[in-house]
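Participant: let's see this in three dimensions:
(4 chains)
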There are 2 protein chains.
Amino acid sequence: MARIGERATVTSAAVLDSALTLFAERGYHGTALSQIAEALEVRTPSLYNHMRAKHDLLLTIIDRTVTGVLDDFTTATAGRTDPLDRLRNATRIYALRHATHRREAIVVNRDTSSLDEPHRAAMQALRRRHDHALRGIIEDGVAAGRFTIESPALGSFAIREMCVSVARWFRDDGPITPEQVADEYTEFAVRIVSAE
Amino acid sequence: MARIGERATVTSAAVLDSALTLFAERGYHGTALSQIAEALEVRTPSLYNHMRAKHDLLLTIIDRTVTGVLDDFTTATAGRTDPLDRLRNATRIYALRHATHRREAIVVNRDTSSLDEPHRAAMQALRRRHDHALRGIIEDGVAAGRFTIESPALGSFAIREMCVSVARWFRDDGPITPEQVADEYTEFAVRIVSAE
DNA sequence: CCTACCGATCGGTAGG
DNA sequence: CCTACCGATCGGTAGG
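Facilitator: Presented below is the predicted three-dimensional model:
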């Protein structure tokens, strides 16, 4: 960053990135704008050249992330009709994202409830679209006699949440790569639905 | 609670319960003592007759919960040596707790990081004991040739976190009982480790 | 980018 | 249990 004696120069991308790091570490309500400013080596009022309000930082982070999740899903399942193939690809991309975008996932899961209305409801609706899409794959697989699972709803909860939780324990400096996690979790998903 | 015109009478158990509800809903930093007082129909300073500080409410909630998790595990696995039997019982009690003690689980998972040192480290250490115990069961099962799983560590993360997440989606007024969730999740755990 | 400053609210205390 | 009040800090604004 800026050297001693120089004025720091900041961008809105840098503000968002610092907010992302601190929100993930301490939560939205646990982070003061003064801490974001300190990380960027500026005074708090300077942040307002790059954002409208603290709340907007949270909204931008969450909106981009949930939109990214839905885009991932669409890309990963496009043109595929086999339920097992769809499940594998949807799980792999979802787990992979949670290993590679840990901060985003932690903030979405912890702080979406801190959004003001109507934004909170809008973001929850987007998240639910992904939930339903994943559950739909499992229901299709059961209907086609390809999966054996008593409750597709519980199965989709289990698969979804085990992927989400990767963000909480994965370490960038650990011995295992995001791709390895994604592959292993894909196998877990297949086992949970007892694919043929 | 107290009727109009009467003075409210509060206990420390009631303060903890209101704190639990509000911390689970809005997070520790998102909850003001004035909101806890309002829920109990008293003024904020009156809370100090039943607690020492806001921080102590959080510590008490987390300490009781993680201690309860460890006690559950000990009880559920006591006297059992078969890895599959141990895995089933440990998973069932853990999933069951997360359906029946949702608020506690949400607070522990979201706000343990808000604890002051050395309490934060102490609580994390207790949580880790449970993690290691669960992982140990899976490693034992693999060593005995009873389970087939590439990474016991990833398997134990997946099983643990799918159970924890029950607290986030389970509804008391839903169609499914905590026992049904626990049984189904136990089956998922067995599938994840591919028990013989 | 900064200094100076705003009202609101925070956790907590004094004293009864 | 309450009223009255404390210093600290919050997000945000004025003005340059």
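Participant: all contacts plus neighbour counts: C-alpha atoms, from now on.
Facilitator: OK.
Participant: in chain A, where is pLDDT below threshold?
Facilitator: For chain A, the stretches with pLDDT under 70 are A:1-6.
Participant: one more pass at 50, please.
Facilitator: Applying pLDDT under 50 to chain A flags residues A:1-3.
Participant: A:Ala195 and DNA strand D, how far apart?
Facilitator: For A:Ala195, the distance to DNA strand D equals 48 Å [Cα to the nearest atom of the strand, to the nearest Å].
Participant: got the buried residues for stretch A:139-151?
Facilitator: A:Glu139, A:Asp140, A:Gly141, A:Val142, A:Arg146, A:Phe147, A:Thr148, A:Ile149 (16 or more other Cα atoms under 10 Å in any protein chain shown).
Participant: so which of those also contact DNA strand D?
Facilitator: For DNA strand D, no contacts are drawn from the buried residues of stretch A:139-151 by Cα under 7 Å from any atom of the strand.
Participant: now, those residues that are in helices?
Facilitator: A:Glu139, A:Asp140, A:Gly141, A:Val142 (DSSP state H).
Participant: mind listing what the third one touches?
Facilitator: Listed by Cα atoms under 8 Å, 6 or more residues apart in numbering or on different chains, the contact partners of A:Gly141 are A:Pro83, A:Leu84, A:Phe147.
Participant: at 6 Å what do you get?
Facilitator: The contact partners of A:Gly141, by Cα atoms under 6 Å, 6 or more residues apart in numbering or on different chains, come to A:Pro83, A:Phe147.
Participant: any idea how far A:Ala37 is from chain B?
Facilitator: As defined by Cα to the nearest Cα, to the nearest Å, A:Ala37 lies at a distance of 20 Å from chain B.
Participant: will you turn the ones in helices among the buried residues of stretch A:139-151 into a markdown table that also has distance to DNA strand C?
Facilitator: A markdown table is the format used below for those (distance: Cα to the nearest atom of the strand, whole Å):
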| residue | distance to DNA strand C |
| --- | --- |
| A:Glu139 | 45 |
| A:Asp140 | 48 |
| A:Gly141 | 49 |
| A:Val142 | 49 |
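Participant: follow-up on the earlier one: wait, which of the buried residues of stretch A:139-151 is closest to chain B?
Facilitator: Nearest to chain B, judged by Cα to the nearest Cα, of the buried residues of stretch A:139-151 is A:Ile149 at 9.2 Å.
Participant: and the residue positioned nearest the centre of chain A, what element?
Facilitator: Nearest to the geometric centre of chain A sits A:Ala105, at 3.2 Å (Cα atoms, centre = their mean). Applying DSSP states H and E as the criterion places A:Ala105 in helix A:102-111.
Participant: how does chain A divide into domains?
Facilitator: A:12-49, A:54-192 (automatic domain parsing).
Participant: which bits of chain A sit near DNA strand C?
Facilitator: By Cα under 7 Å from any atom of the strand, the residues of chain A that approach DNA strand C are A:7-11, A:41-47, A:49-50.
Participant: just the buried residues from those residues, in PyMOL please.
Facilitator: Those of the residues of chain A next to DNA strand C that count as buried under 16+ other Cα under 10 Å are selected in PyMOL with:
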select buried, chain A and resi 10+41+42+47
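Participant: that older thread, what separates the residue nearest to the centre of chain A from A:Ala143, distance-wise?
Facilitator: Per Cα to Cα, to the nearest Å, A:Ala105 is found 32 Å from A:Ala143.
Participant: then A:Arg26?
Facilitator: 44 Å.
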